[in-house]
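[1] sharing a model prediction with you, sequence too.
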Amino acid sequence: MICSIRLLTLFAALVTVTSAGPLEKRGLVTVPISKSAPSGHKALGHFERRRASEFLAGRYGKGISGYQAGTTASNTASNTSTSIGVANALDTYTMQVQVGTNKQSFNLLIDTGSSNTWVGAATKYKPSSSSKSTGDSITVSYGSGMFKGKEYLDTVSLGNGLVINQQSIGVATSSQGFEGVDGIIGIGPADLTEDTVSRTTTVPTVTDNLLSQGSIAQEVIGIYYAPTTENGAINGELTFGGVDTSKTTGAINYVPITETQPAGQYWGINQTISLGSTELLSAAGIVDTGTTLVLLATDVFDQYMQAIPGATIDQNSGLLEIPASQVNSLQTLNFQIGGVTYPFTAKDQVLDQALNTFYGGNASAFYSVVSDLGSPSGQGLDFINGYLFLERFYSVYDTTNNQVGFATTANS
């Protein structure tokens with residue numbers, strides 16, 4: 001997920017219905033979306049390490065007690081299922097939701113790293129006849145951002161008839177780090193809402209309520225992204241209640257949520273990463289739609305960097321700059337998850353140059369999408385597979401069975 005500039009717009013359109021198995025496409029409704037180019041620039045590598053530090057501390061997406069304004073990043077160099085379209089804002093993915101009987105529209109970041117849903121960062125919430133204030137306050141920290149506000153129960157529409165009644169939403173009275181968007185739709189584990197709302201232990205997430213209200217048969221979310229840098233491109237889909245197998249080119253491989261902490265608090269998995277045939281890491285980490293890059297523990301990242309002759313850290317962007325002579329000869333980075341290998345080729349590892357200046361880099365340089373997590377291995381969260389990884393593979397977040405799934409796509 002997180003904060004700071006990530007835009008786009010969601011438009012309704014297409015409906016398809018087919019029949020299939022329990023965790024497959026069934027009664028699927030697809031809403032395509034378009035991408036709008038954001039304004040502004042940021043030093044992506046530095047920003048991502050700041051965000052990662054909150055995951056490592058087990059604070060990300062939790063109560064405000066874990067938030068410290070001005071925190072700096074490490075300077076280490078180093079029955080039915082419904083699909084909703086999502087779009088890339090060059091920095092993360094968002095979707096459009098409507099709230100209340102007045103159908104007020106909000107553009108929300110899709111975050112698997114947190115679980116509260118809230119609005120009001122940009123567009124201010126207007127209560128309607130379906131709105132009910134609980135009288136409780138809500139505070140959530142996101143590392144490089146936060147919000148405070150009041151809790152309401154209201155009707156939330158995710159598109160194409162997928163409606164949640166009396167969903168808990170935060171209504172921001174103040175927020176930091178969410179310029180250009182209205183808030184977050186949190187699709188992480190429900191335990192992450194613990195102590196975020198006063199007088200409440202945890203609150204039901206949007207997927208909890210979709211299940212309890214009979215809108216979906218299983219608490220499962222399938223996510224499909226496709227690489228793009230084109231403004232207005234339709235390139236994403238969020239499926240509630242199952243998976244859209246029309247987007248996959250192979251079987252979905254499921255692995256249990258890791259027991260290693262703090263990774264196990266999130267959508268955490270065990271994974272082995274190899275560069276060519278050389279193993280770099282076998283440990284626990286997380287899958288996160290709100291992180292852009294692939295982040296590796298500092299000592300592991302150092303091995304990756306040393307394997308690229310002439311590679312250096314760009315101090316402005318915080319990204320790894322690759323010499324032009326090495327771009328086409330990068331070794332494949334292999335991610336082994338549950339006995340299945342997902343290759344990340346040389347092409348996959350290089351950031352599209354159209355994004356360089358937006359991320360604080362030089363327009364003509366070549367940058368790796370692999371970066372430094374900012375902490376050594378052995379901390380219980382040694383990698384983050386961000387959305388540039390997820391653009392190559394279909395991912396499934398299965399609360400019902402406490403597991404995460406992956407499959408190849410046409411982009412793999």
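    Right, received. Where do you want to start?
[2] so Gln303 sits in a helix?
    Yes - according to DSSP: H, G, I helix; E, B strand; the rest coil, Gln303 belongs to a helix.
[3] mind checking how far it is from Leu351?
    Gln303 sits at a distance of 20 Å from Leu351 (criterion: CB to CB, to the nearest Å). From N, CA and C alone the C-beta is placed, and that goes for glycine too.
[4] do the same with Ser274
    The spacing between Ser274 and Leu351, counted by CB to CB, is 22 Å.
[5] between those two, who's got more neighbours?
    Neighbour tally, Ser274 and Leu351, criterion other CB atoms under 10 Å: the higher count belongs to Leu351, 24 against 18.
[6] is it true that that one touches Ser371?
    No - taking contacts as CB atoms under 8 Å, Leu351 lies outside contact range of Ser371: 10.0 Å.
[7] joint contacts of these two?
    Leu319 (CB atoms under 8 Å, 6 or more residues apart in numbering).
[8] OK, contacts around the residue nearest in space to the middle of the chain?
    What sits nearest the mean C-alpha location of the chain, by CA atoms, centre = their mean, is Thr289, with 1.4 Å. Neighbouring residues of Thr289 by CB under 8 Å, 6+ apart: 1, 92-93, 110-113, 223, 386-387, 390.
[9] what helices and strands are in contact with the longest helix belonging to the chain?
    Longest helix of the chain, by residue count under DSSP state H: helix 44-56. Applying 3 or more CB pairs under 8 Å, 6 or more residues apart in numbering; DSSP states H and E, one finds that helix 44-56 contacts strand 294-296, strand 370-372.
[10] apply 7 Å and report the result again.
    strand 370-372 (3 or more CB pairs under 7 Å, 6 or more residues apart in numbering; DSSP states H and E).
[11] next secondary structure after the strand it packs on?
    strand 383-385 (DSSP states H and E).
[12] hang on, isn't Gly58 packed against Gln265?
    Yes - taking CB atoms under 7 Å as the definition, Gly58 is a contact partner of Gln265 at 6.0 Å.
[13] where in the chain is pLDDT low?
    For the chain, the stretches with pLDDT under 70 are 1-41, 63-91, 143-144, 228-234.
[14] how is it divided into domains?
    Domains of the chain are assigned by automatic domain parsing as 9-246, 248-408.
[15] ends of the last one, how far apart?
    The first and last residues of domain 248-408 sit 6 Å apart, counting by CA to CA, to the nearest Å.
[16] likewise stretch 129-146?
    Using CA to CA, first and last residues of stretch 129-146 are 29 Å apart.
[17] buried ones in that stretch?
    Neighbour-count burial for stretch 129-146 flags 130-131, 134, 136-146 (criterion: 16 or more other CB atoms under 10 Å).
[18] nearest to Gly361 among those?
    Ser144 (19.0 Å; CB to CB).
[19] which element is the residue nearest to Ser129 when sequence neighbours are not counted on?
    Setting aside the residues directly before and after it, Ser129 is nearest to Thr101 in space (CB to CB, 6 or more residues apart in numbering), at 4.9 Å. Assigned by DSSP H and E, Thr101 belongs to no helix or strand.
[20] can you tell me how far Thr101 sits from Val370?
    47 Å.
[21] was I right about Asn253 contacting Val404?
    No - look at Asn253 against Val404 with CB under 7 Å: they stay out of range, at 9.5 Å.
[22] the more surrounded of those two?
    More neighbours surround Val404 than the other of Asn253 and Val404, with 23 against 17 (other CB under 10 Å).
[23] wait, that one touches Trp267, no?
    Yes - assessed by CB under 7 Å, Val404 is found in contact with Trp267 at 5.5 Å.
[24] overlap in contacts of these two?
    Residues within reach of Val404 and of Trp267 at once, by CB atoms under 7 Å, 6 or more residues apart in numbering, are 287, 397.
[25] leaving out sequence neighbours, find the closest residue to the residue nearest to the centre of the chain.
    Thr112 (4.6 Å).
[26] just the helices in the protein please.
    With DSSP H, the ranges of helices along the chain come out as 44-56, 206-212, 298-306, 346-349, 387-390.
[27] against which helices or strands is the last one packed?
    Helices and strands touching helix 387-390, as assessed by 3+ CB pairs under 7 Å, 6+ apart, comprise strand 220-225.
[28] so what's the gap between the strand it packs on and the chain middle?
    From the chain centre to the centre of strand 220-225 is a distance of 11 Å (CA atoms, centre = their mean, to the nearest Å).
[29] what's next to it, contact-wise?
    Surrounding strand 220-225, the residues in contact under the criterion CB under 7 Å, 6+ apart are 23, 88, 93, 187, 207, 235-244, 247, 289, 387, 390-391, 394-398, 400, 409.
[30] list only buried entries from those.
    Taking 16+ other CB under 10 Å as the criterion, what is buried in those is 23, 88, 93, 187, 207, 235-244, 247, 289, 387, 390-391, 394-398, 409.
[31] next, the buried residues of stretch 357-375.
    Across stretch 357-375, burial judged by 16+ other CB under 10 Å covers 358-361, 365-375.
[32] gap between the residue nearest to Phe406 when sequence neighbours are not counted and Thr408?
    The spatial neighbour of Phe406 that comes closest, neighbours along the chain excluded (CB to CB, 6+ apart), is Phe393 at 5.1 Å. For Phe393, the distance to Thr408 equals 6 Å [CB to CB].
[33] any chance of the backbone angles for the residue nearest to the centre of the chain?
    For Thr289, the backbone dihedrals (degrees, to the nearest 10) come out as phi -70, psi -20.
[34] state the distance from the residue nearest to Leu210 when sequence neighbours are not counted to Val181.
    In space, and not counting its chain neighbours, Leu210 is closest to Ile216: 4.7 Å by CB to CB, 6+ apart. Per CB to CB, Ile216 is found 25 Å from Val181.
[35] quickly list what Val404 is bridged to.
    Here Val404 shows beta-bridge partners Val255, Tyr397, assigned using DSSP bridges.
[36] would you agree the residue nearest to Leu210 is in contact with Asp208?
    No - contact criterion CB under 7 Å: Ile216 and Asp208 do not qualify, at 10.4 Å.
[37] the two - which one has more neighbours?
    For Ile216 and Asp208, the more surrounded residue by other CB under 10 Å is Ile216, and the numbers stand at 24 against 19.
[38] hang on, the earlier thing: quick one: the helices of the chain as TSV, columns for distance to Ser198 too.
    Converted to TSV, the helices of the chain look like this (distance: least, CB to CB, whole Å):
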stretch	distance to Ser198
helix 44-56	22
helix 206-212	20
helix 298-306	38
helix 346-349	44
helix 387-390	33
